[in-house]
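Novice: Below are the sequence and a predicted model for it; my questions follow.
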Amino acid sequence: MDDRIDALLADIEAADSAAQTHARRGEFGDEVAGQAAERTLLERLRGSLGSTVQVTMSDRDITGTVCFLGRDIVVLAGVEVSAIALRAVRGLRLPTKVHRFEAGGLERLGMGSALRRWSAAHEEVSIDVADRSGAIRGRCALVAADYVEIAGRIIPFAAISAIHARTNPFG
């Protein structure tokens, strides 16, 4: 009889321990969810600097190492260097869940800065324009405040989804 009572008490104690563990996990999950609600994509990308990532865009995927994060752009170094407008990103595959909160000193530089640097180096670039098939390739004739002139065309920065070149404009 004592064995059955001991077994019953052990079972009740195990059930109570499991219930407390489950409650702690729930509290921890709620805390993690609350903190996650405050995190941004930019912070997650900062945490991926130096890592290989895959960026999904509407018409293709680009894989490379995150080498620069600027104002509204992420720069990947892969087969070629790509400056991708964050608004054109449709999805990401990142190797880490790390978030970094402090901004880099050059993070204020954006699409125009990359184009100006490539233009100064006389680098040939390929520009992907949103909602248009085929890239526009050439050297930048003029990089203005909010547009670029290339191959006889004027392209507003707002229409650019990505720019590709052989060199890193920020490296």
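Specialist: Ah, there it is. Numbers count the residues shown, from 1 in each chain.
Novice: residues near residue 153, how many?
Specialist: Using other C-beta atoms under 10 Å, residue 153 is surrounded by 13 other residues. Every C-beta, even on glycine, is put in place using the N, C-alpha and C of the backbone.
Novice: One more: residue 73?
Specialist: So residue 73, with other C-beta under 10 Å, has 26 neighbours.
Novice: so it touches residue 83, yeah?
Specialist: Yes - counting by C-beta atoms under 8 Å, residue 83 is a contact partner of residue 73 at 5.1 Å.
Novice: what is in contact with the two at once?
Specialist: Residues touching both residue 73 and residue 83 by C-beta atoms under 8 Å, 6 or more residues apart in numbering: 111, 114.
Novice: Quick check: the closest residue in space to residue 46 that isn't next to it in sequence vs residue 116, distance?
Specialist: Nearest non-adjacent residue to residue 46, counting by C-beta to C-beta, 6 or more residues apart in numbering: residue 100, 3.7 Å away. Distance from residue 100 to residue 116, counting by C-beta to C-beta, to the nearest Å: 27 Å.
Novice: do residue 2 as well
Specialist: 85 Å.
Novice: State the helix or strand in which the residue minimising distance to the centre of the chain lies.
Specialist: Nearest to the mean C-alpha position of the chain, by C-alpha atoms, centre = their mean, lies residue 45 at 4.1 Å. Assessed by DSSP states H and E, residue 45 sits inside helix 41-46.
Novice: pLDDT of that helix, averaged?
Specialist: What helix 41-46 shows for mean pLDDT is 90.
Novice: Who are the packing partners of that helix?
Specialist: Helix 41-46 sits against strand 61-70, strand 91-93, with contacts defined as 3 or more C-beta pairs under 8 Å, 6 or more residues apart in numbering; DSSP states H and E.
Novice: can you rerun that using 7 Å?
Specialist: strand 61-70 (3 or more C-beta pairs under 7 Å, 6 or more residues apart in numbering; DSSP states H and E).
Novice: residues making contact with the strand it packs on?
Specialist: Applying C-beta atoms under 7 Å, 6 or more residues apart in numbering, the contact partners of strand 61-70 are 45-46, 48-55, 74-78, 82, 84, 104, 106-107, 109-110, 113, 168, 170-171.
Novice: Dump it to CSV, keeping only the CA atoms.
Specialist: What follows is strand 61-70 as a C-alpha-only set of coordinates in CSV (Å, rounded to 0.1, in the frame of the first residue of the first chain):
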residue,chain,number,x,y,z
ASP,A,61,17.1,35.6,-55.9
ILE,A,62,20.5,37.1,-55.2
THR,A,63,22.9,35.4,-52.8
GLY,A,64,26.0,37.0,-51.4
THR,A,65,27.8,38.3,-48.3
VAL,A,66,26.3,41.3,-46.7
CYS,A,67,29.1,43.8,-46.9
PHE,A,68,27.3,47.1,-46.4
LEU,A,69,24.0,48.4,-45.1
GLY,A,70,23.0,51.9,-46.0
